[in-house]
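Student: pasting the sequence and the predicted coordinates here, then a few questions.
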Protein chains: 2
Amino acid sequence: MPKISHKGQHMPASPIRKLTPYADMAKIAGKKVYHLNIGQPDIETPEGMLNAVKNIDFKVWAYTASEGTVAYRKKLTGYYNKLGYNITPENIIVTTGGSEAITISMMACLDPGDEVIIPEPFYANYNGFACQSDIVVKPILSYIENGFALPPIAEFEKLITSKTKAIIICSPNNPTGYLYSKEELEALKALVLKYDLYLLSDEAYREFCYDGRTFISPMHLDGLDENVIVLDTVSKRYSACGARLGCLITKNKSVLATALKFAQARLSPGMVEQIAGEAAVDTPDEYFKAVNKEYTNRRNTLVNALNKMEGVFCPNPGGAFYVVAQLPIDNADKFCQWMLESFSYDNQTVMMAPATGFYSTPGAGLNEVRLAYVLNRDDIEEAMVCLEEGLKVYPGRVVSAVELKPKGKRKVQIQ
Amino acid sequence: MPKISHKGQHMPASPIRKLTPYADMAKIAGKKVYHLNIGQPDIETPEGMLNAVKNIDFKVWAYTASEGTVAYRKKLTGYYNKLGYNITPENIIVTTGGSEAITISMMACLDPGDEVIIPEPFYANYNGFACQSDIVVKPILSYIENGFALPPIAEFEKLITSKTKAIIICSPNNPTGYLYSKEELEALKALVLKYDLYLLSDEAYREFCYDGRTFISPMHLDGLDENVIVLDTVSKRYSACGARLGCLITKNKSVLATALKFAQARLSPGMVEQIAGEAAVDTPDEYFKAVNKEYTNRRNTLVNALNKMEGVFCPNPGGAFYVVAQLPIDNADKFCQWMLESFSYDNQTVMMAPATGFYSTPGAGLNEVRLAYVLNRDDIEEAMVCLEEGLKVYPGRVVSAVELKPKGKRKVQIQ
């Protein structure tokens, strides 16, 4: 029997999805499972976007240009220029989801053995994408105590070698919800210019900033045109995860020309999705206002409930729709599996993503979980009752190990 | 300015699309351009498939399972089992186009530096996908004189090293249209088993076999369960290239488990496409009969016209919708560009794909072009008049260099 590649063996399983068999078994056993494990919102996709799909009027479902249709790229340009990105359609390559924007950017900028620095915890699939291209991830710890703010630049500099080619940031962050400030981005800018690095900016959650906060992109900073690549997707912005429609944006012409070659190899992004994407850009502001209000309320519900639990700490993040919470447990992987396999309260349980999968440093995040507030508030409240009851009886409960040192952005005190 | 990766520099541009700027200029100059360069059929997508898109009734455009929906994989299983593949839905991983079936299979089976043997000319993007994963392509020449039949197995064996992990075949073939016989596949089977190799079978053109010929897949052969991975797509089968919906099929459980990890990293194939794909499986037989008849006629028109031209030779292939023709020219890249840039007949010209891009051996295919018969017969006839007139006056015409040695499958004599 021929052998699997080493790459295939080392490829990590998705920490978000790997517990799915246990959730399935829990459901078969008749339990209701609250899915707080995955960033699949229950928010409705804008009607205009779905209507565009329903109203397709072509006869041949054809390839589009590899870089995306002119019509969609023009429309997107309008969206980004409203944000102040100052681009033309030529700065955009349409991709199959944000995932492909990441993989193409990695391949265009990094060779096997090259290094990318990523503040952790980070979006788990960066690990997988790096593994695909034999790129080395150099994680840099951020801390729950200050809400996962940008680590000191000096810590980045300690990691930089001749192999360092890029830094990836994600703001608002998945999994922490942390939103980088102008000052943090300016600090990154100086670093990136000093060492001639690419700055890959994952902006999947751009539209999800709360409490009046403003989103700032590296695209808003002067002097970074050759360094910044924005990685984007419609998945979260329009609750259209299944459309698999994203893009990469850069003003670096060499990156664009190179990315286009990778885009040409896979021929084309989806045609129907690009038609829907055009319509999506016209989504009225009221949609976003309503969604923002809903998520703000959900976040408040979730964070308040978590911080009321004994031994639990959860920062109150500025954006996205995730939180990372610290729990009085020995091992998040074990705990999340136990919740599905061995626990129920009122015949209900909760599926969460162990935070370990969002760290690259071994042992980090062992007592943390990621929770996506993608369910309505009633369901979140029910889920939190389950979690609290579960924590009370979990055999691996280790209250004494939770020595929380409040500092920085931490707002909610644990009794 | 940060540097592009070596990989990005070495990534080949698409030979099918790289002449597009010249075609655009020809159009701006008012010329009509017949596109025989790209496998984008003008055949209409089945109505049932398009209606499935128009009739979507969900509210949230959500991720699906990374391996594809259960409903679509069940439906596909029915399609493949009618062909005698004897699979279950668990043998299928739904991919974003055939392209992703290829890249995921390559990553699951081959590491950087590993070698894959591919009879050439071959689908040009195999080069690009191999480059993405730092895999080495070992081409093995097939010859226009016998219609591009499978090269002798002894020639394969000469190429096999400790790094050889796989063979890729494509039947019916893009670009040659050649359809492998049962005997040829049996010969490959023995080779694959002898050296414990993967056999990647690109079956994008399965439905396109002419003159009563029967398609045979390695899936039809016994004893190859651990070796065969089928790479498939709806692109050509249902003229739905822009749907970006494909799949990989294998009975090798390790490959399935590994491929799933790569599929999980990119989250999900498109949701609407899978709904459309379910409907596509119910496309009535009449559709395929009509399409087959149309392509047969087009092929006959094209091949006859080509072989009537002085110094031109074109085998009459058994499948797909491409031919590779040998022309009395010095350099196919120059000639194809010249046809767009410097030539017109009756204000019309033809865009073809230089065959050089389908070979990996330097210098091979220099006097060959690939023609896709994706236009109606009237247009093909017009295009052939253009080509004939172009050949007459092309400055690089080298009739004397075309020393054709009829043998094997060659049916049409050149005077």
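Tutor: Alright, I've got the coordinates.

Student: can you mark which positions in stretch A:144-152 are buried?
Tutor: Using 16 or more other C-beta atoms under 10 Å in any protein chain shown as the test for burial, stretch A:144-152 gives A:I144, A:E145, A:N146, A:G147, A:F148, A:A149, A:L150, A:P151. Every residue, glycine included, has its C-beta placed from N, CA and C.

Student: tell me the contacts of the last one?
Tutor: Just to be clear, that refers to A:P151. A:P119, A:I140, A:L141, A:S142, A:Y143 (C-beta atoms under 8 Å, 6 or more residues apart in numbering or on different chains).

Student: now, of those, which are buried?
Tutor: So, by 16+ other C-beta under 10 Å, the buried ones in the contacts of A:P151 are A:P119, A:I140, A:S142.

Student: the second one falls within a strand, correct?
Tutor: Yes. Using DSSP: H, G, I helix; E, B strand; the rest coil, the secondary structure at A:I140 is a strand.

Student: still on that earlier bit, among the contacts of A:P151, which are in reach of chain B?
Tutor: Among the contacts of A:P151, no residue lies close to chain B (C-beta under 8 Å from any C-beta of the partner chain).

Student: give me the mean pLDDT for stretch A:49-67.
Tutor: In this model, stretch A:49-67 has a mean pLDDT of 97.

Student: with just CA atoms, put that stretch into PDB.
Tutor: C-alpha atoms of stretch A:49-67 as PDB (Å, rounded to 0.1, in the frame of the first residue of the first chain):
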ATOM      1  CA  MET A  49     -27.700  38.500  -2.000                       C
ATOM      2  CA  LEU A  50     -29.900  35.500  -1.900                       C
ATOM      3  CA  ASN A  51     -32.200  37.100  -4.500                       C
ATOM      4  CA  ALA A  52     -29.300  37.600  -6.800                       C
ATOM      5  CA  VAL A  53     -28.800  33.800  -6.700                       C
ATOM      6  CA  LYS A  54     -32.400  33.100  -7.300                       C
ATOM      7  CA  ASN A  55     -32.500  35.500 -10.300                       C
ATOM      8  CA  ILE A  56     -29.500  34.200 -12.300                       C
ATOM      9  CA  ASP A  57     -30.300  34.400 -16.000                       C
ATOM     10  CA  PHE A  58     -27.400  32.700 -17.700                       C
ATOM     11  CA  LYS A  59     -27.600  29.600 -19.800                       C
ATOM     12  CA  VAL A  60     -24.000  28.400 -19.400                       C
ATOM     13  CA  TRP A  61     -22.400  28.300 -15.900                       C
ATOM     14  CA  ALA A  62     -19.000  29.300 -17.200                       C
ATOM     15  CA  TYR A  63     -15.600  30.100 -15.800                       C
ATOM     16  CA  THR A  64     -14.900  33.700 -14.900                       C
ATOM     17  CA  ALA A  65     -11.600  35.400 -15.200                       C
ATOM     18  CA  SER A  66      -9.100  33.800 -12.700                       C
ATOM     19  CA  GLU A  67      -8.800  37.100 -10.800                       C
END
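
Student: got the buried residues for it?
Tutor: A:49-50, A:52-53, A:56, A:60-67.

Student: can you check stretch A:339-357 too?
Tutor: Buried residues in stretch A:339-357, counted by 16+ other C-beta under 10 Å: A:339-341, A:343-345, A:348-357.

Student: of the residues you listed, closest to chain B?
Tutor: A:G357 (11.4 Å; C-beta to the nearest C-beta).

Student: my read is that that closest one contacts A:I16, right?
Tutor: Yes. When contacts are counted by C-beta atoms under 8 Å, A:G357 is listed as touching A:I16 (7.1 Å).

Student: about what we covered before: need the contacts of A:P151 in TSV with distance to B:D282 and pLDDT, can you?
Tutor: Below are these laid out as TSV (distance: C-beta to C-beta, whole Å; pLDDT from 0 to 100):
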residue	distance to B:D282	pLDDT
A:P119	49	98
A:I140	53	97
A:L141	54	96
A:S142	52	96
A:Y143	55	95
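
Student: low-confidence regions, chain A specifically.
Tutor: A:399-415 (pLDDT under 70).

Student: quick check: domain ranges of it?
Tutor: A:6-44+A:286-399, A:47-281 (automatic domain parsing).

Student: I'd like to know which of those domains lies nearest to B:I275.
Tutor: domain A:47-281 (9.9 Å; C-beta to C-beta).

Student: what about the closest one, how long is it end to end?
Tutor: By C-alpha to C-alpha, to the nearest Å, the extent of domain A:47-281 from end to end equals 12 Å.

Student: spatially nearest residue to the residue in the stretch 1-150 of chain A that chain B sits nearest to, not counting backbone neighbours?
Tutor: Using C-beta to the nearest C-beta, the closest approach of the stretch 1-150 of chain A to chain B is made by A:G128 at 3.4 Å. Among residues not flanking A:G128 along the chain, B:A265 sits closest, at 3.4 Å (C-beta to C-beta, 6 or more residues apart in numbering or on different chains).

Student: same thing with A:A243?
Tutor: A:A243's closest residue in space is A:E273 (C-beta to C-beta, 6+ apart), at 4.7 Å.

Student: tell me where chain A has helices.
Tutor: A:6-10, A:20-28, A:47-54, A:70-82, A:97-109, A:125-132, A:153-159, A:182-195, A:253-265, A:271-281, A:285-308, A:332-341, A:377-393 (DSSP state H).

Student: who's in contact with the residue nearest to A:A243?
Tutor: By C-beta under 8 Å, 6+ apart, the contact set of A:E273 is A:A243, A:R244, A:L245, B:G270, B:V272.
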